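# Any chance you can model this:
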Amino acid sequence: MKTPSAISASPPTSPAHSTGSIFQQALGAAFDELHPELRRRFGFSSRDGIACLGTGRMDRVWRGSRLAGPVLRLGSRSNILFPDRGRDVPFTIANYAYQDGFGRETVTFVRTFQFTRPRRFDATMVASDRRAATVVDFLGTRQHLAVDLGFRVSPQGGLVITSGDQRVSALPGSPRCPAALTGRATVHEWFDDAAGRFRIDVRVTNPVAGPVIGYSGSFTAEYVPVDALGVPAYVRPVRESART
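Residues are numbered from 1 along each chain as shown. Down below sits the predicted model:
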């Protein structure tokens, strides 16, 4: 296990939540309204010893305002979004559940898009050890940005995730990002019974630049045991932030 390089509090002696996945904790009773395949995909925790690995294609990966180009290119250095766009793009997603260096229940969201050069969009979703039923999305390989997430169930039993307050966790005190500099994300994932596939639509907007980036497509998922070596290093951040 990597040793966190940014520590502002002593690690707790037990996980922030003792039962259920971080998504069950966040949704509460509404979790049962999800499609059964969504409950399976978002219902496991570090105690289950499994990972969910998705493989598919994005029908479209788009980029909006040119104003966002420099920011996207900068973010790609830390696997936070990217400037590329295309159609029928091969895609994988790796979801591993584990307890991080602070004992918090964590799920990886490592998305790889196979353009001419592979692009990754990495995040680790963490159960807050300070606010009950709150999930914080740390973006990038070094968890520079922390984003509060909101969850609801769509009419077809899908999961809708929306981003809220954003903080620069790499700076002392984790100051809040000015609204003009934030990217507001909406993720809708659902299961298509007819196709036997998960479908996903992601949109990121900015109050100044407008639409920034997004993608939509589908994938299948397999559930694999996590072996004795544990969660692979490539999906884990190289730095963990203590602030949630």
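
# Tell me the confidence at P15?
P15 is assigned 35 on the pLDDT scale.

# Could you do A170 as well?
Confidence at A170, expressed as pLDDT, is 80.

# likewise G164?
According to the per-residue confidence, G164 scores 92 in pLDDT.

# And for F44?
On the pLDDT scale, F44 is placed at 97.

# how would you label it: helix, strand or coil?
The assignment at F44 comes out as coil when based on DSSP: H, G, I helix; E, B strand; the rest coil.

# and it, what does it touch?
If a contact means Cβ atoms under 8 Å, 6 or more residues apart in numbering, then F44 has 21, 50, 52, 97, 223 as its contacts. Placement of C-beta: from N, CA and C, glycine included.

# Which positions within the worst-scoring helix or strand of the chain on mean pLDDT qualify as buried?
When the helices and strands of the chain are scored by mean pLDDT, DSSP states H and E, helix 69-75 comes last with a mean of 87. Neighbour counts using 16 or more other Cβ atoms under 10 Å place 71-72, 75 of helix 69-75 among the buried residues.

# now swap in stretch 128-144 and tell me
Result for stretch 128-144 [16+ other Cβ under 10 Å]: buried residues 128-129, 134-144.

# for stretch 163-172, same thing?
Using 16+ other Cβ under 10 Å as the burial criterion, the residues of stretch 163-172 that qualify are 163, 166-167, 169-170.

# gap between V107 and F138?
Relative to F138, V107 is positioned 11 Å away (Cβ to Cβ, to the nearest Å).

# who touches both of those two?
Residues touching both V107 and F138 (Cβ under 8 Å, 6+ apart) are 124-125.

# just for this protein, where's the confidence low?
1-19 (pLDDT under 70).

# Quick check: longest strand in it by residues?
Determined from DSSP state E, the single longest strand within the chain is strand 210-225.

# name the helices or strands packed onto that strand?
Using 3 or more Cβ pairs under 8 Å, 6 or more residues apart in numbering; DSSP states H and E, the elements in contact with strand 210-225 are strand 50-63, strand 86-99, strand 197-206.

# Checking the residue lying farthest from the centre of the chain next. Helix, strand or coil?
Relative to the centre of the chain, the most outlying C-alpha is that of A194, 26.5 Å out, by Cα atoms, centre = their mean. Taking three-state DSSP as the rule, one finds A194 in the coil state.

# Having no further points to raise, I will conclude here.
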